[in-house]
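Engineer: need coordinates for the below:
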Amino acid sequence: MKVEGVVISISKYKDYNAMLTLLTKDNVLSFQAYGVFKPFSKNFLLVNPLMYANFLFSDNKKYLSFKEANPIIDSRNFVGCPHPAYCIHTINEMILRLVIDEDKPKLYPYLVSCLKCLYTMMSFHGYKIYTYILIFFAQCIKASGYGLDVDECVITKSKKDIVGVSLIDGGLVSKTVFDPTKHIQYAADKIKMLRLAFKIKPEEIKDYVFDPKLAVPIIKDLAIYIKDQTNTDIKHLEMIDLLL
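Structural biologist: Numbers count the residues shown, from 1 in each chain. Coordinates of the predicted model:
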């Protein structure tokens, strides 16, 4: 059996073995990979986060018996490249901490699209990672059931005169109800970016590059929002300013 997927979790046990968790378009699979930590193992590549590959399993009705993997996008290429490496680890943490297993497949097309974009940007400026982090963060929040209402004012349901966002009410707010003590004012370009992050299709990600000066504050606001909603911190986001 051949399965296309991305490694989202690696748990080492004994000296050379690992329990791996694989995200696919349909589900989340866990399996044992024997000997992958041996220096010359042909499957040593699996012990890298977000390895995107075709996985081959032998037919066994009782359990998944892993045989080998052939990389589609080898995440080892990102090692030593600060911006892509940071993006990889941040996205991986979001997958594991924000979304339950049954909802994780919703993220698969976004994850694959982000990995492809990261791979093609290797020789370009690192500021593009903030586009991928913001979009993927928004999609994780959406998949977890806490998506912001970005279509209209969350209070009045009006689509006109949107001037900010309410982290308390979970969506955009219009001028008529905006309260500076409760809401965060957003300029038109930030509102457009926030909407796009939640509504974008996976295949469209490659067509956008967000200004980090706008994207990073939005990411920080979303981190506050999801912390308030779920009491979950994304630790990697604490370092988001360091690579600017």
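Engineer: how is this structure divided into domains?
Structural biologist: Annotated domains of the chain cover 2-76, 80-239 [automatic domain parsing].
Engineer: please identify the most buried of the ones you listed.
Structural biologist: The highest mean neighbour count among the domains of the chain, using mean count of other C-beta atoms under 10 Å, belongs to domain 80-239: a mean of 18. Just so you know, the C-beta spots here come from the backbone N, C-alpha and C atoms, and that holds for glycine as well.
Engineer: okay, how far is it across that one, tip to tip?
Structural biologist: The straight-line separation of the ends of domain 80-239 (C-alpha to C-alpha, to the nearest Å) is 17 Å.
Engineer: mind jotting down where the helices sit in the protein?
Structural biologist: Ranges of helices within the chain are 82-98, 108-120, 129-143, 188-199, 212-230, based on DSSP state H.
Engineer: just to revisit the earlier point, can you redo the domains of the chain as JSON lines with mean pLDDT?
Structural biologist: Listed next are the domains of the chain as JSON lines, based on pLDDT from 0 to 100:
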{"stretch": "domain 2-76", "mean pLDDT": "86"}
{"stretch": "domain 80-239", "mean pLDDT": "95"}
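Engineer: for this protein, longest strand please?
Structural biologist: Secondary structure of the chain read by DSSP state E shows that its longest strand is strand 2-13.
Engineer: got the contact list for that strand?
Structural biologist: Applying C-beta atoms under 8 Å, 6 or more residues apart in numbering, the contact partners of strand 2-13 are 18-25, 28-29, 37, 46-57, 72, 92, 95-96, 104, 108, 111-112, 115.
Engineer: just to revisit the earlier point, among the helices of the chain, which is nearest L242?
Structural biologist: Closest approach to L242 among these is made by helix 82-98 (8.3 Å; C-beta to C-beta).
Engineer: T176 against I162, yeah?
Structural biologist: No - T176 lies out of contact with I162 (C-beta atoms under 8 Å); the separation is 10.6 Å.
Engineer: contacts only, for the residue lying closest to L222 once chain neighbours are set aside.
Structural biologist: Among residues not flanking L222 along the chain, F137 sits closest, at 5.6 Å (C-beta to C-beta, 6 or more residues apart in numbering). By C-beta under 8 Å, 6+ apart, the contact set of F137 is M94, A197, I219, L222, A223, I234.
Engineer: before we move on, what about I162?
Structural biologist: E152, C153, L172, V173, S174, K175, I191.
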